[in-house]
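# fold the following for me, if possible:
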Amino acid sequence: MRRSIPPRPLLVLLALLLGVPVLASCTGKSVSTQVIPIAHALPATQEQTRYRLVDAKGNDLGSATLSIAPEDQNLRLGVAYDFGANRTDTGSALVQRDSMRPVQSERTVVDGSQRYVTHADYSDDSVTVTVNDGQSTRTRKATITEASYDNLESLFLWRTLDFSVGTEVHYVNVVIDPRRGTISRTLATAEVMGQEQVQLPSGSLQAWRIEFRSAGITNTAWYRADEPRTLVRYEITHGPTLVLDASAP
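I've put the predicted structure just below:
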């Protein structure tokens with residue numbers, strides 16, 4: 001049975017989907033970030049995959065769609081969440097095809113009568129963000145390093161890793177909050193844990209387990225062990241889970 005989401009919990013869900021805005025490791029341990037080596041390039045053709053959004057008990061909360069589309073020499077990576085009742089969260093990141101470095105990103109969050117729109121432009125050492133909340137437009141700028149990636153590309157970025165047990169990368173996750181208009185640079189770690197059987201509505205399949213860690217939280221993603229290595233499940237700590245829809249390829 002599909003469950004409707006009242007306004008206040010929706011804002012909590014959107015905050016969880018954004019990521020955790022922190023600037024340093026919660027353990028205090030010094031970690032060097034790195035430019036992520038692209039071991040498995042994303043497809044240069046159009047791709048779209050659909051997911052169910054479920055809570056811890058498996059109740060439907062809405063749907064999600066991930067998409068890839070070529071755009072000149074870059075790739076447009078789309079992430080769209082639909083919670084029903086005029087509550088949506090739609091964004092995309094334009095990235096360099098060979099390096100996954102961000103070029104631009106945009107995001108629109110609709111929560112009933114409220115609408116928040118962000119647009120970000122990346123350079124080698126900074127990101128400039130324009131935020132519109134329907135009443136005013138603000139522009140903010142933050143410095144970044146070459147090891148910085150837009151949060152909206154995360155589920156695609158991890159897919160490019162070397163899927164070998166123990167592969168681990170540390171990088172800066174740029175999180176843009178459309179409601180507050182803030183830019184956070186989050187220390188992030190993605191690690192390849194190994195292969196597991198994952199149960200889906202369409203049956204079970206073998207998948208690689210990737211753990212994303214930041215500020216004491218751990219989100220877990222599973223990608224098909226065979227081609228085209230698409231995401232099949234993504235669990236967000238204290239948040240919803242994305243499950244590949246039975247009708248999706």
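
# now the helices for the chain?
In order along the chain, the chain carries the following helices (DSSP state H): 7-18, 154-157.

# least confident of the ones you listed, on average?
Ranked on mean pLDDT, the bottom entry among the helices of the chain is helix 7-18, at a mean of 51.

# quick one: contacts for the closest residue to residue 209 other than its chain neighbours?
Nearest in space to residue 209, with sequence neighbours left out and distances taken as Cβ to Cβ, 6 or more residues apart in numbering, is residue 193 at 4.3 Å. Every residue, glycine included, has its C-beta placed from N, CA and C. Listed by Cβ atoms under 8 Å, 6 or more residues apart in numbering, the contact partners of residue 193 are 165, 208-211.

# gap between residue 193 and residue 158?
12 Å (Cβ to Cβ, to the nearest Å).

# list the residues that contact both of the two?
By Cβ under 8 Å, 6+ apart, the residues touching both residue 193 and residue 158 are residue 210.

# residue 65 - nearest residue in space that isn't next to it in sequence?
Leaving aside its sequence neighbours, residue 65 sits nearest to residue 80 (Cβ to Cβ, 6+ apart; 4.6 Å).

# my bad, residue 152
residue 93 is the one closest to residue 152 (Cβ to Cβ, 6+ apart), at 4.2 Å.

# do I have it right that that neighbour meets residue 153?
Yes. Using Cβ atoms under 8 Å, residue 93 makes contact with residue 153 at a distance of 4.3 Å.

# mutual contacts of the two, please.
77, 102, 105.

# just the buried residues of the residues you listed.
77, 102, 105 (16 or more other Cβ atoms under 10 Å).

# quick check, pLDDT for the most far-flung residue of the chain relative to its centre.
Using Cα atoms, centre = their mean, the residue of the chain lying farthest from its centre is residue 135. It sits 27.4 Å away. Listed pLDDT for residue 135 reads 91.

# low pLDDT regions in the chain?
Applying pLDDT under 70 to the chain flags residues 1-30, 247-249.
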